[in-house]
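Visitor: Build me a structure from this.
(one chain, ligands or ions: 1)
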Amino acid sequence: MTNDPASSPAPGGPSGAAAAWRGAAYGASFGETERRDSWWLQPLVQGLALLVLGAYATWAAFQGVHYRFGNYLSPFYSPLMKPKWWPLSPALLVLGAPLGFRGTCYYYRKAYYRAFFADPTACAVGEPRKGYVGESRFPFVLQNVHRYLIYLAIPILFFLWWDVVNAFTFEGRFGIGLGSIAILASNTLLTLYTFSCHSLRHLVGGRVDCFSCAVAGGPRRRAWLGASWLNSHHMGWAWWSLCAVCSADLYVRLCSMGVIHDVRLF
Ligand code: FES
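Guide: I've put the predicted structure just below:
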């Protein structure tokens, strides 16, 4: 850590983590820190996970085949659209909104800024550059579109839940297969991820200074409390939903390719 006086807490000033943060921000070289914990482990694991899951999702989206098996539809291809004039994979027609929504998510931004840019590296760890402009300039200023992408992400959930209904319908009757459960789990987690969004929480109640003075203040407060609880687990929903959606696609794909057979439970 630097000997710059700015890195030492002033009498009556910030202490502990806050002082350490100041130390990193003011003059520490890249990676320099007084932290003794494995601060690099989380960005490393998260970066690897994002690479693996992102590579699988990209590969699956470009395939354009084996996305359907009987009444199961891969969530990457929902809603399924196959216009005659479109020569590529149908997933490429529908993935823009969910991909944009996830790519600009406040949590994922934190994860991939740390994992891939090391900027910020971690709390109280020296950064690779000193001129921080945040997301106020191109291209990162475009991340602010996230608050609008929520309006596209929510309607897609209706299609995904219709896929769940279909996944539990075998030859016109209710049934349960392992694929039904995989698709249900995927879409449940996608719904929890979407409804735990920071932008949605703000929409529900973030702009209200006084619930008892606002129109429908009581229900809005309850909705805001629910959104706040979901939001406090947003990181978990982000990871579980990403794993679940890839798993559901993989299950449908392997069944369609004949590598495995769907297991009917009911
Ligand atoms: S903040 Fe993560 S989805 Fe909106």
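
Visitor: Quick check: residues of the protein near the ligand?
Guide: Within the chain, the residues that sit near the ligand (C-beta under 6 Å from any ligand atom) are C105, Y106, Y107, H146, C197, H198, S199, H234. Glycine gets a C-beta too; all of them are placed from N, C-alpha and C.

Visitor: ok, and the most crowded of these?
Guide: C197 (26 neighbours; other C-beta atoms under 10 Å).

Visitor: Check whether the closest residue to that one other than its chain neighbours sits in a helix, strand or coil.
Guide: With C-beta to C-beta, 6 or more residues apart in numbering as the criterion, C197 has its nearest non-adjacent residue at 5.7 Å, and that residue is I150. Three-state call for I150 (DSSP: H, G, I helix; E, B strand; the rest coil): helix.

Visitor: residue contacts, I150?
Guide: Residues in contact with I150, defined by C-beta atoms under 8 Å, 6 or more residues apart in numbering, are F101, T194, C197, S199, L200, L203.

Visitor: Same check on L93?
Guide: Neighbouring residues of L93 by C-beta under 8 Å, 6+ apart: M81, P83, W86.

Visitor: What about these, which are in helices?
Guide: Using DSSP state H, no member of those sits in helices.

Visitor: Turn the residues you listed into TSV, including neighbour count and pLDDT.
Guide: Below are these laid out as TSV (neighbours: other C-beta atoms under 10 Å; pLDDT from 0 to 100):
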residue	neighbour count	pLDDT
M81	11	96
P83	8	96
W86	12	97
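
Visitor: out of the residues of the chain next to the ligand, who's nearest A118?
Guide: Nearest to A118 out of those is Y107 (C-beta to C-beta; 17.8 Å).

Visitor: Wasn't the closest one part of a strand?
Guide: No. Read with three-state DSSP, Y107 is helix and lies in no strand.

Visitor: wait, what's in contact with P43?
Guide: Residues near P43 by C-beta under 8 Å, 6+ apart: A111, R114, A115, A118, T121, A122.

Visitor: 10 Å - rerun?
Guide: The neighbours of P43, taking C-beta atoms under 10 Å, 6 or more residues apart in numbering as the test, are 110-118, 120-122, 125.

Visitor: One more: R129?
Guide: R129 is in contact with F30, F117, A118, D119, counting by C-beta under 10 Å, 6+ apart.

Visitor: how about 7 Å then?
Guide: D119 (C-beta atoms under 7 Å, 6 or more residues apart in numbering).

Visitor: returning to that earlier point: ok, the contacts of L93 vs L50, which is closest?
Guide: Nearest to L50 among the contacts of L93 is M81, at 27.5 Å by C-beta to C-beta.

Visitor: dump the residue contacts of the closest one.
Guide: Residues in contact with M81, defined by C-beta under 7 Å, 6+ apart, are P90, L93, V94.

Visitor: nearest to the ligand, of the residues you listed?
Guide: V94 (17.7 Å; C-beta to the nearest ligand atom).

Visitor: My read is that the closest one contacts P75, right?
Guide: No. The criterion here is C-beta atoms under 7 Å, and V94 misses it with P75 at 10.1 Å.

Visitor: more crowded one of these two?
Guide: Per other C-beta under 10 Å, whichever of V94 and P75 has more neighbours is P75, with 26 against 19.

Visitor: How about the backbone phi and psi for the more buried one?
Guide: When read as degrees, to the nearest 10, the backbone of P75 gives phi -60, psi -20.

Visitor: tell me the contacts of it?
Guide: L160, I183, S186, N187, V245, A248, D249.

Visitor: Alright, that wraps it up for me.
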